[in-house]
Each structure stands twice: as structure tokens, then as C-alpha cells.
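# okay, structure incoming, though there's no sequence with it:
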């Protein structure tokens, strides 16, 4: 399965690469996809966009030049990106907070009977609506 995901990502990267050349896609998106393909294939990433956790990027090809490559595709320097990732991860709610929010959202979902009544109302509405 991992092979097929890597293959699909590689095909997408090739297509996005062409779209970037045609100015139909963002070079930054190409960088993220390129790194994802590299990591999926067990190779060092090129642009440093993939992280093991919020504070540590996965292996990077030629790390001394990563900021040059990042600048070429419109990404901020790696140190700045690492800082952004750290801030974003510290702002994530804790697992107990996430569970509480999920329980709250699940409680708001309609019951089966409410859902069936809603569908019936939609059908009645369609039956009585004007034809175009």
C-alpha cells in the first residue's frame, strides 16, 4: 500500500511541477508535495516541510542550502518555520479538550428519526417546488 501512495504522490508531484512551470500552481505547494514524496520513498526531503513532531524536521538533503531552496519557492527560512510549527503545536487543544469538543459536536447531530423527518421535508419541498 505504501508503494502505491508513494507512486501516486510522485505522479501528482510531476503534474504539479508542470503546473508550476505554467504558472498554474504555487511553487510552495510543489515543495510540500516534493518533500512528502521524498519522505514516503525513504529519502531526505529537499525543502524541510515535513516534521517528525512540531519541532523537528525530518532528514533534509544538503541542510546547509535548505534556506536557499526554500526562498526559491517562496517559503520562509527553516528556523522561522520551525518556530511557527512550535507555536502552532502549543496552541493545539489537549486531548481531553478535543474529546470534550467532539462529544459536544456529536450531541448536536440529529437522531435517526430527526434525520428521516428532515429528508422527508426535503422531498416534500422538491415535490411542491416550481419547475425550472
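The structure has been received and is ready for your questions. Since the structure is predicted, the reported quantities are computational estimates derived from the model, not experimental observations. Numbers count the residues shown, from 1 in each chain.

# least confident secondary structure element in this structure?
Every helix and strand of the chain was ranked by mean pLDDT, DSSP states H and E. The lowest is helix 2-21, at a mean of 61.

# ok, then the element right after it?
As assigned by DSSP states H and E, the chain's next helix or strand after helix 2-21 is helix 27-40.

# which residues touch stretch 59-74?
With contact meaning Cβ atoms under 8 Å, 6 or more residues apart in numbering, stretch 59-74 is reached by 26-28, 30-31, 38, 43-48, 76-78, 81. The way it works is simple: take the backbone N, C-alpha and C, and place the C-beta from them, glycine included.

# list the buried residues of that stretch.
60, 66-67, 69-70, 73 (16 or more other Cβ atoms under 10 Å).

# how does the chain divide into domains?
2-90, 95-128 (automatic domain parsing).

# compare those and say which comes out lowest on pLDDT.
When the domains of the chain are compared by mean pLDDT, domain 95-128 comes last with a mean of 74.

# any idea how far that one is from the chain center?
27 Å (Cα atoms, centre = their mean, to the nearest Å).
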